[in-house]
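1. Give the three-dimensional model of this entry:
(one chain, ligands or ions: 2)
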Amino acid sequence: MQCARCAAAGEPAVFRVRGAVVVTVLAVALWASWTILGTALHDMAEGIDPHAILGPRLLVPVALLLAAALAWTARVRRPACACRRPLLSRVGGAVPEVEPSGRRRVLRHGLGIAGAATAGAAVVMARNRGWITVGRNLFADVEKTAPTPRAEWEGATIRSQRRLGRTGVLVSDISLGSAALRSLEVAELALDRGVTYVDTAPDYAREGSEELLGRAMMGRRERIFVASKFCTADGHLPPDTPVPRIIEAVEGSLRRLRTDRIDLLHIHSCDRLERLLAPSFHEAFDRLKEQGKARFLGVSSHSPNLHAVANAAIDSGRFDVLMLAYHHGMGWELDQILARAADHDVAVVAMKTLKGAKHQNLTEFREEAGSYAQAAFRWVLSNPRVSCLVISFSELRQVDEYLHASGTTLTAHDRAVLARYDRLIDGAYCRPHCGACLDSCIAGLPVDDVLRYAMYFEDYRSEKEAMRLYAALDGLDASRCIGCAAPCAGSCPHGLAIQYRMLDAHRMLTPA
Ligand code: SF4
Ligand code: SF4
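-> Ligands and ions are numbered 1, 2, ... in the order given. Below is the predicted model:
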């Protein structure tokens, strides 16, 4: 725009975009970024559409952001009216009397585009701020195993087999857990290297774990001992499930595992005697056993009610295997159960052996530890009452690292590494089979479960599974801790600041 005086004086008119137009185009572009790109990124993060952000939905917001950048550069190119140039000079504006050089024009356009892109990205990230923690964990270059693999671990194989209680079967001391297994190559390599016990469940990767193991076991099923669970992709079967429904679920596992029998069926994550002894499970198991579709019965538990569950399982005479959380630092309470199980020739399979697997996040611990995992495994296997330990494999190099511990003996150095780990995680690790704080929660929250799901998220890197489990708490979640007077404070004998940990877990496990 040019004033009448400049026009009369014959000053050259320069087209300049109005400020209101720039602001409007930018506002529309940011709105489109929020609603279209932000939603696309959310869909991608949630796994609904892995390519959402790369599809046609990208075009509209990007075109609008580009338009905003061009509008801005057109506005700042030069004052519209010659008479305003001195005024702008006085307020600090660099006012060109002539059109700027090509280099300066490129710089100006570049700045405009970079500014619009930054604003758009900020809006998209703000729309998905709840996923930022997820993203940091998904994409951060964090060590998932020992930071410095050693040459002597290469090609490690199973070197020890142990008797699985009264089943009489010999199994590898280190076994293939599949909760985080997503790679056929990893499963095949572990089996090639002598692992003979695999542990799976229909709800691991929504049946994907069983399917993958079925493929990995092709041609070698006879030498593998397969453990699965009474559950479906949606979770554990409740105690009142009709017998035909239980049998149907197990037959689904048989199909996915490409086998005619499952060696061991667990009542999974069992906390209640009502579920442990549910007639429906036992009748279904007996029928499956008669048909040759199942061989042995087991129970897995990491609940506070372990003593009652384990003792009832042993006393019932029905169970051949107990699968328990067991790691370094566990004392006489667990030893009592292990001794009773040994007296009845009931096998003990150890899980959760890495005591929270927090070594991945302990930067000050990495180099010193060498392999914390090997030390932790040796501690567990130093107890002859443990038949084997189940550890989740997710990466190829874990096969070398983990199997190197097979058949080896706990050393003084291992003990020092484990003691240092304990010092570093003090006050941060919720112990399995504990539950000492549960009665102090006025809302009746399953504090131990919430903190375990946070561990799955943060330390095991099973983000989606952790969020799924947390969502299934159905209202009994840590949102109830917001604004609570926290009578639970001080009730954890292991020094956890419960309310703080619960709120942190809620933030982590709740999508935006
Ligand atoms: S928070 Fe503490 S008291 Fe509560 S279950 Fe965990 S370790 Fe036990
Ligand atoms: S802060 Fe949370 S865990 Fe503690 S008493 Fe309140 S609701 Fe329960």
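2. which residues touch Val390?
-> Val390 is in contact with Ser175, Leu176, Gly177, Tyr197, Asp199, Met323, Val349, Ala350, Met351, counting by Cβ atoms under 8 Å, 6 or more residues apart in numbering. In this view, the C-beta of every residue, glycine as well, is placed from N, C-alpha and C.
3. And the third one, what's its pLDDT?
-> It refers to Gly177. pLDDT, Gly177: 95.
4. Next one: it from Cys388, what distance?
-> 11 Å (Cβ to Cβ, to the nearest Å).
5. Compare these two and say which is more crowded by neighbours.
-> Comparing Gly177 with Cys388 by other Cβ atoms under 10 Å, the one with more neighbours is Cys388, at 29 against 23.
6. correct me, but the more buried one touches Thr167?
-> No. Cys388 lies out of contact with Thr167 (Cβ atoms under 8 Å); the separation is 11.7 Å.
7. Redo the contacts of Val390 as CSV? Include distance to ligand 1.
-> Formatted as CSV, the contacts of Val390 follow (distance: Cβ to the nearest ligand atom, whole Å):
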residue, distance to ligand 1
Ser175, 26
Leu176, 28
Gly177, 22
Tyr197, 29
Asp199, 24
Met323, 20
Val349, 22
Ala350, 19
Met351, 17
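8. Could you list the buried residues of stretch 183-197?
-> Buried residues in stretch 183-197, counting neighbours by 16 or more other Cβ atoms under 10 Å, are found at Val186, Ala187, Glu188, Leu189, Ala190, Leu191, Arg193, Gly194, Val195, Thr196, Tyr197.
9. Tell me which of those residues fall in helices.
-> Val186, Ala187, Glu188, Leu189, Ala190, Leu191 (DSSP state H).
10. Quick check: closest non-adjacent residue to whichever residue of the stretch 251-400 of the chain sits closest to ligand 2.
-> Distance from ligand 2 to each residue of the stretch 251-400 of the chain (Cβ to the nearest ligand atom) is smallest for Pro304, at 14.6 Å. Leaving aside its sequence neighbours, Pro304 sits nearest to Gly435 (Cβ to Cβ, 6 or more residues apart in numbering; 2.5 Å).
11. got the contact list for the one you found?
-> Ser303, Pro304, Asn305, Asp448.
12. again with Ser382
-> Ser382 makes contact with Thr409, Leu410, according to Cβ under 8 Å, 6+ apart.
13. my read: Cys484 touches Ala443, true?
-> Yes. The criterion here is Cβ under 8 Å, and Cys484 meets it with Ala443 at 7.2 Å.
14. returning to what we had before: reformat the ones in helices among the buried residues of stretch 183-197 as CSV; add distance to Ala466 and pLDDT.
-> Formatted as CSV, those follow (distance: Cβ to Cβ, whole Å; pLDDT from 0 to 100):
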residue, distance to Ala466, pLDDT
Val186, 21, 97
Ala187, 22, 97
Glu188, 27, 97
Leu189, 26, 97
Ala190, 24, 98
Leu191, 27, 98
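15. Would you mind putting the contacts of Val390 into JSON lines with secondary structure alongside?
-> Output for those, formatted as JSON lines (DSSP: H, G, I helix; E, B strand; the rest coil):
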{"residue": "Ser175", "secondary structure": "strand"}
{"residue": "Leu176", "secondary structure": "strand"}
{"residue": "Gly177", "secondary structure": "strand"}
{"residue": "Tyr197", "secondary structure": "strand"}
{"residue": "Asp199", "secondary structure": "strand"}
{"residue": "Met323", "secondary structure": "strand"}
{"residue": "Val349", "secondary structure": "strand"}
{"residue": "Ala350", "secondary structure": "strand"}
{"residue": "Met351", "secondary structure": "strand"}
